[in-house]
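Visitor: Next comes the sequence, and after it the predicted model I'd like to discuss.
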Amino acid sequence: MKSKIDNRKSKIPLILASASPRRAQLLSEAGITFTVIVSPNHEPERKPAAIPTDLWPMCLAYMKATAVQRKLGTRNSNPKTPTILAADTIVVAGTAPHERILNKARDRAHARQILQSLQGQTHRVITGICLLQASGGGERVRLASATALCRIRKKSRAWLEDYLDSGLWRGKAGAYGIQDAHDPFVDLLAGDFSTVVGLPMPLVQSELASFQKD
């Protein structure tokens, strides 16, 4: 996949505020150079009721980006001040007012519960991104998100237990990775594949190109 931008020639370094190897791989495959600084931010366990579900991933991404900025320290308006890219993905089952955000599984039993509840159902995967750069005494921020609809196919109990044995459910919203299983969970996808993986690359490329021109 060819990137819309070639930041290898850019004077502005890019930092990925994520420990996710999947997000790093997507950026690398797009030809975007970056360094990784893992955000020390600890995500809230619950979404505040006042924040709409669709905005929550962008809020989480902003928290991660600002945590990395604090880690780097306050910067001035130096043109080489890095751009920080953070992202967060949530899985939303059901529809308002009865929708539920499915967080990362706490353990194997919780992963089984999540996956059983998703089988045969369509859910939303929302990935929010934040681009942040210190500027003078303040900061420049751009927030955006992408949504995909996924339907999980029904699996046998034996197949599900084998998947749980693999440990691939760990650290993933909804307890599954669309890119992991040779016999995939998802039998319907409306939206970009990379949104479900955890970094919507068409959106990232467009927003990053615009952000670095501003």
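Guide: Alright, I've got the coordinates. Residues are numbered from 1 along each chain as shown.

Visitor: Could you list the alpha-carbon positions for stretch 174-194 in PDB?
Guide: The C-alpha coordinates for stretch 174-194 follow below in PDB (Å, rounded to 0.1, in the frame of the first residue of the first chain):
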ATOM      1  CA  GLY A 174     -13.900  -7.500  21.700                       C
ATOM      2  CA  ALA A 175     -11.400 -10.400  22.500                       C
ATOM      3  CA  TYR A 176     -10.600 -11.000  18.800                       C
ATOM      4  CA  GLY A 177      -8.300  -9.800  16.100                       C
ATOM      5  CA  ILE A 178      -9.700  -9.700  12.600                       C
ATOM      6  CA  GLN A 179      -6.200 -10.400  11.200                       C
ATOM      7  CA  ASP A 180      -5.400 -13.300  13.500                       C
ATOM      8  CA  ALA A 181      -7.500 -16.400  12.800                       C
ATOM      9  CA  HIS A 182      -6.900 -18.500   9.600                       C
ATOM     10  CA  ASP A 183     -10.600 -19.300   9.800                       C
ATOM     11  CA  PRO A 184     -11.800 -15.800  10.700                       C
ATOM     12  CA  PHE A 185     -14.600 -14.700  13.000                       C
ATOM     13  CA  VAL A 186     -15.800 -12.000  10.800                       C
ATOM     14  CA  ASP A 187     -18.000 -12.900   7.900                       C
ATOM     15  CA  LEU A 188     -19.200  -9.400   7.100                       C
ATOM     16  CA  LEU A 189     -17.200  -6.200   7.100                       C
ATOM     17  CA  ALA A 190     -18.600  -2.800   6.100                       C
ATOM     18  CA  GLY A 191     -15.700  -0.300   6.500                       C
ATOM     19  CA  ASP A 192     -12.000  -0.400   6.200                       C
ATOM     20  CA  PHE A 193     -10.100  -3.500   7.400                       C
ATOM     21  CA  SER A 194      -7.500  -1.300   9.100                       C
END
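
Visitor: Going by neighbour count, list what's buried in it.
Guide: For stretch 174-194, the buried set under the neighbour-count rule, 16 or more other C-beta atoms under 10 Å, comprises 174-179, 181, 185-186, 189, 191-192, 194. Any C-beta I mention is one placed from the backbone N, CA and C, and that applies to glycine too.

Visitor: Closest one to residue 115 out of these, please.
Guide: For the buried residues of stretch 174-194, the residue nearest residue 115 by C-beta to C-beta is residue 175; the value is 5.4 Å.

Visitor: By mean pLDDT, which helix or strand of the protein comes out lowest?
Guide: strand 186-190 (a mean of 84; mean pLDDT, DSSP states H and E).

Visitor: can you give me how far it is from the chain middle?
Guide: Strand 186-190 has its C-alpha centroid displaced from the chain centroid by 18 Å (C-alpha atoms, centre = their mean, to the nearest Å).

Visitor: which outside residues touch that strand?
Guide: 122, 148-153, 178, 196 (C-beta atoms under 8 Å, 6 or more residues apart in numbering).

Visitor: Okay, strands next: where are they in the chain?
Guide: Remark: strands assigned in the chain by DSSP state E are 14-16, 35-36, 83-93, 100-102, 122-135, 138-152, 186-190.

Visitor: What's the mean pLDDT across the third one?
Guide: This means strand 83-93. Taken as a whole, strand 83-93 has a mean pLDDT of 96.
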